[in-house]
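*Asks:* Sharing a sequence plus its predicted fold:
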Amino acid sequence: MKLILIASVALFALACCLPALEFTKGETERDVLWGGNVLAVGWSGIFAGVVGWYANPVWLFGLIMAYIGRPKLAAIAGLVALAIAGTTFSLFGQQLPADEGGVNHMSLTRTLAGCYVWLAGLATLPLVVFFKGK
């Protein structure tokens, strides 16, 4: 079980070091956000209706539950975190504010490796319930 927790944290940390999301601003300008950047500023997405970042505290809660020996709560938290994280894909085609004044807009163009590694890190947490008895 500890190996799964270590793998989950390692994947999360790796995701912070990889390009995660690509946005298009205007007609041609592209902006790639790395996982660490998304982690640092993603909380503010709530103001634009973007909730994917909030999978992180739920995942952290699940890690704590797994660590203290509550694998079922950890698995539930992991599944909830995955569901919240999955909302990231609903951003395709939406116009999001690119600045504080809402003057410029951007849209999600591609999800990159960091996004998928992040999802993999979240997905490993529900595995604790399967490996708890082994």
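*Replies:* Looks like it came in fine.

*Asks:* which residues does residue 53 contact?
*Replies:* Each residue near residue 53 by CB atoms under 8 Å, 6 or more residues apart in numbering is listed here: 38, 39, 42, 43, 45, 46. Backbone N, C-alpha and C define where each C-beta goes, glycine included.

*Asks:* Tell me the confidence at it?
*Replies:* On pLDDT, residue 53 comes in at 92.

*Asks:* follow-up on the earlier one: which one among the contacts of residue 53 gets closest to residue 113?
*Replies:* Lowest distance from residue 113 to those (CB to CB) belongs to residue 38, with 12.6 Å.

*Asks:* Please name the residues that touch that closest one.
*Replies:* 20, 21, 53, 114.

*Asks:* May I ask which helix or strand encompasses the second one?
*Replies:* Using DSSP states H and E, residue 21 sits within strand 19-25.

*Asks:* do residue 110 as well
*Replies:* Using DSSP H and E, the element containing residue 110 is strand 105-111.

*Asks:* tell me which residues form a beta bridge with residue 29?
*Replies:* Following DSSP bridges, residue 29 is listed with bridge partners residue 25.

*Asks:* what's the distance between it and residue 58?
*Replies:* 33 Å (CB to CB, to the nearest Å).

*Asks:* neighbour-wise, which of the two wins?
*Replies:* Set residue 29 next to residue 58 and count neighbours by other CB atoms under 10 Å: residue 58 wins out with 21 against 11.

*Asks:* Quickly note the distance from that one to residue 5.
*Replies:* Residue 58 is 15 Å from residue 5, by CB to CB.

*Asks:* just to revisit the earlier point, and which of the contacts of residue 53 is nearest residue 11?
*Replies:* Nearest to residue 11 among the contacts of residue 53 is residue 39, at 13.3 Å by CB to CB.

*Asks:* any idea how far residue 12 is from that closest one?
*Replies:* 9 Å.

*Asks:* cool, and residue 26?
*Replies:* From residue 26 to residue 12 the distance is 32 Å (CB to CB).
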